[in-house]
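**Q** sharing a model prediction with you, sequence too.
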Amino acid sequence: MPAKKKKQKQIRIHWNHHHLGILLIAIWFGLTCFITLLLFLFASLNIPDIEALLHYQPSETSVIKDRYGKTIDRIYIENRIVVDIADMPRLLPKAFIAAEDARFYEHAGVDSISILRAVINNLRAGGRSQGGSTITQQVARSLLLSREKTYLRKIKEAILAYRIDQVLSKEQVLHIYLNQIYLGEKSYGVEAASQTYFGKSISELSLAEMAILAGLPQAPSRYSPFKHYNNAKKRQGYVLNRMAAEGFISSSAARKAFVAPLHWAPQKNYFSHSRYFLAHIRKIITKRYGHHLLATGGLTIETTLDLSLQKQAAISLEKGVASWALRSGKGKKTPPQGALVSIENTTGYVRALIGGINFQRSQFNRATQAKRQPGSAFKPFIYGEAFNTNFSPASIIMDKPLNLPGDRTQKPWRPKNFSGKNFGPTTLYTALVKSRNIVTIKLLQQIGIDSIIYLAKRTGIKSKLHHNLSLALGASEVSLLELTAAYSIFANEGNYSPAIFITKVYDRDNRLLEHNIPRNRKILDARAAYQVTRLLQDVIRTGTGKKAWGLAGHSAGKTGTTDGNMDAWFIGYTPQLITGVWMGFDLKKSLGRRETGGLACGPIWLDFMKKSMIGTKPRFFSPPKGMTFLPINKQTGHYDPTIRNKTNWLPFKDENIELILRGTVQ
């Protein structure tokens, strides 16, 4: 009996070792298959790499600002302004944590308790009514996954959230979340949302306002205070209660915040009267940096625009076109187009620009893109070059009919004065003030076409100028911006100030990309420039620009009217601003028989300039050194000491005084 038991015991031990080996092999094989299956499933999930989160740099809104730093436009694919977590108000992140993920600092990216609670609630609801996603999971979903509602995506989301929590600190996750999350009304991140809903930065938010924002992530449209105010208030109450429950604020503070008044940002239309200016800024930046950087790079673009002047420019232009409609009797059904540019004399800063009557109907910018004949508005350049040599306002040229050879395919050219009359011996003073064509053509013959083209190019006119005598009558097409900026040589003591639209551009990290400062170039002798200015003052006082008379202080300007009255111009300036106005039809037809630059554009210029001077003291043009004023008969050009009113005296270079007194000046 004992031998039998011993044998059975030996057999049992032998059987156990044998099966143990098989069992170990089976376990090894099972684990291998399980791991292989897990690896296969993990590979099939196609889990994204989280490397991008380590260098978080999302698409960010570029902003355009006016001269005073006020935001006037935003360019974006996603409206987002990134703010460092350290620069956020202390309670703002806590409001989102209370509403979205109270155990944020306790879990490792995935909150099993929240998931269990969500499952129970979903079973009760008979569907997926609650997601249970942590803030970290929301970051993973927003940046690395699609928004499809499937269990496979939830698995990916959980895996990614765990990995993110291992790599990033909680503060880094919060930084990404609060800048990435969509909060409705095309706003991404808390800063953009704060400006959208409340018109201010997050640093200025009240607790009540923070709670409104923190209530949005779950359903931005459903809880939008702009669309569903009652829903937004209920959600705000929920957030405040959760903050109190988590000990972030007291119950008393929650109650006070809930009843605190909310002041919403106005629904701004940044483009209302600045659309042409802003479109031009976008064009400049796109050309320099590309559209992608403009739309996603978070650029800050500081411009020269003065919003009050821009608004007034739009009003003045609209009034001018309405006046045309009344004069013409055609009503507002077929109004002409108009444009206005206003530039600061000494800097070249463009303070206002209107490129048309209605941007929504036509985006074509008639201030910068349209090329039209300026007519007599071009004449001051010819007189400026003449005064830069040996001519003076008292110089005489005979005004009599001209018969000039035309081009090979054209008949002889017989130019005429606007009145159709000839006036015999004419001073250059009278010729410019009364805009006499014949005298101007003869003056161009004497000083040379090449010198005028060279002068025009140095004043920033890049348009092609015809190399013939029609240049004297402004037959070469230019843009309003070109011509207005070129007038700076008269307003700025012979110095040309290139037009500047953008002063500074910064990248998203506040690094300066460009800085445009005024760069004046000496073009004319200051005395020659002043002589032109003095004559253009009388254009407004007694000449073709009388409709522009009425400003306090000094003003000067020149009208321009093309053949058939198809284009009307007025370019004028004070010691502060140069402003150019144009009116005409896009399809080049007559404005009307009486619609000259003085009638059509002079009143627009005057109305705008009057408003621009509100709150400023009248200023006056000062003659440069080396000039003397003399009483001159403006018809004969002779020295006339009987003229007692010094406001009618004319300026002359000191070296010409003796010749003037002897009556032998050219």
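**A** Nice, thanks for sending it over.

**Q** name the nearest residue to P641, sequence neighbours excluded.
**A** P631 (5.8 Å; C-beta to C-beta, 6 or more residues apart in numbering). The C-beta positions use only the backbone N, C-alpha and C, and glycine is treated the same way.

**Q** just give me the neighbour total for that neighbour.
**A** If you count neighbours by other C-beta atoms under 10 Å, P631 ends up with 16.

**Q** quick check: it touching T647?
**A** No: distance between P631 and T647: 10.8 Å, which falls outside the contact criterion (C-beta atoms under 8 Å).

**Q** could you measure from the most centrally placed residue in the chain over to V350?
**A** Compute the mean C-alpha point of the chain, and by C-alpha atoms, centre = their mean the closest residue is L278, 3.4 Å away. Separation of L278 from V350 (C-beta to C-beta, to the nearest Å) stands at 12 Å.

**Q** quick one on the thing from earlier: residues in contact with the helix or strand where the residue nearest to the centre of the chain lies?
**A** Using DSSP states H and E, L278 sits within helix 275-289. For helix 275-289, the surrounding residues in contact (C-beta atoms under 8 Å, 6 or more residues apart in numbering) are 62, 64, 72-73, 75, 270-271, 294, 297, 299, 301, 303, 305, 310, 350, 352-356, 359, 363, 365, 367-368, 501-502, 505, 513-514.

**Q** swap in 7 Å and give it another go.
**A** 64, 72-73, 75, 271, 294, 301, 303, 305, 310, 353-356, 359, 363, 365, 367-368, 501-502 (C-beta atoms under 7 Å, 6 or more residues apart in numbering).

**Q** so after it, what's the next helix or strand?
**A** Counting by DSSP H and E, what follows helix 275-289 is helix 291-296.

**Q** residues contacting that next one, please?
**A** Contact with helix 291-296 is made by S59, E60, S62, I75, Y76, I77, R282, I285, T286, L299, as judged by C-beta under 7 Å, 6+ apart.

**Q** just to revisit the earlier point, next one: the helix holding L278 to chain centre, how far?
**A** 7 Å (C-alpha atoms, centre = their mean, to the nearest Å).

**Q** swap in stretch 251-271?
**A** 29 Å.

**Q** next one: stretch 206-217
**A** Centroid displacement of stretch 206-217 relative to its chain, using C-alpha atoms, centre = their mean, is 31 Å.

**Q** ok, stretch 464-484 next?
**A** Taking mean C-alpha positions (C-alpha atoms, centre = their mean), stretch 464-484 and its chain are 29 Å apart.

**Q** can you give me the distance of T426 to L483?
**A** 25 Å.

**Q** if you count what's nearby, which of the two comes out ahead?
**A** L483 (28 against 24).

**Q** what sits against the more buried one?
**A** P374, A377, I571, G580.

**Q** the first one: how many residues sit nearby?
**A** The one in question is P374. Neighbours of P374 (other C-beta under 10 Å): 30.

**Q** then the last one?
**A** Around G580 there are 31 other residues, counting by other C-beta under 10 Å.

**Q** which phi and psi does it have?
**A** Main-chain dihedrals, G580, degrees, to the nearest 10: phi -110, psi 140.
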